[in-house]
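Peer 1: sequence first, predicted coordinates after that:
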Amino acid sequence: MTITLPAHINDVKGFLADDEAHALHEYALSVAERGPVLEVGSYCGKSTIYLGLACQQKNSVVYAVDHHVGSEEHQLGEMFHDPDLYDAGEGRFDTFKDFRRNIRLAGLDDTVVPIVATSEVSARHWHTPLAMVFIDGGHSLDAALCDYRCWAGKIITGGILAIHDLFPAPEEGGQAPYAIYKMALASGLFEPIARVNTLGLLRRV
């Protein structure tokens, strides 16, 4: 499926492979007529753009949940720290300015609803059923479990749960996303439908 991408897409910072991004778009497109999409962990908006383009086509919306101060691995001195995203004046990592710019340039201001907060706070009084949830937030076990417990139960029957950075072997990467993927399967609430690179896709039964 051909996607008309914004001209700046290759300049958007992020860790999403092209095949994963296209899969997110494809599955969002398949369910967006049934309800909104929600992602946890927007960073600078690359995944948000792919999800947003699908939702825009179906007159739906993407709720983009991210506190925008970076996960553990983005902080000063850590492996994935990007000095360009560090606000020295505030003394903290901050991706929200880049995120807003990228969403605006993609023409998605009327499709993407930023929620600048943690999963726990965002989900506290959440009642809207979701057609798709994409989890790509903090990769500590506590953070991944929180994201899963906050949002998995809010997915409609037939909806999609997507989880990024699945590494079955510990030497390949962190295990927290894979742990919640296995938890989703063990719950009996989800069935696997696809694996694309490190992206796992499940359907709510």
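Peer 2: Perfect, thanks for sending it.
Peer 1: quick check: closest non-adjacent residue to residue 30.
Peer 2: Distances taken as C-beta to C-beta, 6 or more residues apart in numbering place residue 160 nearest to residue 30, at 7.6 Å, with adjacent residues excluded. C-beta here means a position set from N, CA and C on the backbone, and glycine is covered the same way.
Peer 1: scratch that, residue 31
Peer 2: Ranked by C-beta to C-beta, 6+ apart and with sequence neighbours excluded, the top spatial neighbour of residue 31 is residue 131, at 4.1 Å.
Peer 1: and if you look at residue 34?
Peer 2: residue 131 (4.5 Å).
Peer 1: look up how far residue 58 lies from the one you found.
Peer 2: From residue 131 across to residue 58, the span is 9 Å (C-beta to C-beta, to the nearest Å).
Peer 1: out of the two, which sits in the more crowded spot?
Peer 2: More neighbours surround residue 131 than the other of residue 131 and residue 58, with 24 against 17 (other C-beta atoms under 10 Å).
Peer 1: would you map the strands across this protein?
Peer 2: In the chain, the strands defined using DSSP state E lie at 37-40, 62-65, 86-87, 92-93, 112-115, 130-135, 155-163, 190-196, 199-204.
Peer 1: what residue is smack in the middle of the protein?
Peer 2: For the chain, the residue nearest the mean C-alpha position is residue 39 (3.7 Å; C-alpha atoms, centre = their mean).
Peer 1: and that one, how far is that from residue 86?
Peer 2: Taking C-beta to C-beta, one finds residue 39 at 23 Å from residue 86.
Peer 1: now swap in residue 5 and tell me
Peer 2: 28 Å.
Peer 1: ok now stretch 161-168, how far from the chain's centre?
Peer 2: Remark: stretch 161-168 is offset 11 Å from the chain centroid, using C-alpha atoms, centre = their mean, to the nearest Å.
Peer 1: over to stretch 145-158?
Peer 2: The answer for stretch 145-158 is 13 Å, by C-alpha atoms, centre = their mean.
Peer 1: show me which positions of that stretch end up buried.
Peer 2: Neighbour-count burial for stretch 145-158 flags 146, 147, 148, 150, 151, 152, 154, 155 (criterion: 16 or more other C-beta atoms under 10 Å).
Peer 1: mind checking which of these land in helices?
Peer 2: Counting by DSSP state H, the buried residues of stretch 145-158 place 146, 147, 148, 150, 151 in helices.
Peer 1: can you put the residues you listed in a markdown table and add pLDDT?
Peer 2: Formatted as a markdown table, these follow (pLDDT from 0 to 100):
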| residue | pLDDT |
| --- | --- |
| 146 | 97 |
| 147 | 98 |
| 148 | 98 |
| 150 | 98 |
| 151 | 98 |
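Peer 1: residue 45 against residue 103, yeah?
Peer 2: Yes: Residue 45 lies in contact with residue 103 (C-beta atoms under 8 Å); the separation is 5.4 Å.
Peer 1: among the two, which residue is more densely surrounded?
Peer 2: residue 45 (31 against 24).
Peer 1: so what's the more buried one up against?
Peer 2: 12, 14, 64, 98, 99, 102, 103, 106, 112 (C-beta atoms under 8 Å, 6 or more residues apart in numbering).
Peer 1: what's the distance between the last one and residue 176?
Peer 2: When you say that, I think you mean residue 112. When residue 112 is compared with residue 176 (using C-beta to C-beta), they lie 26 Å apart.
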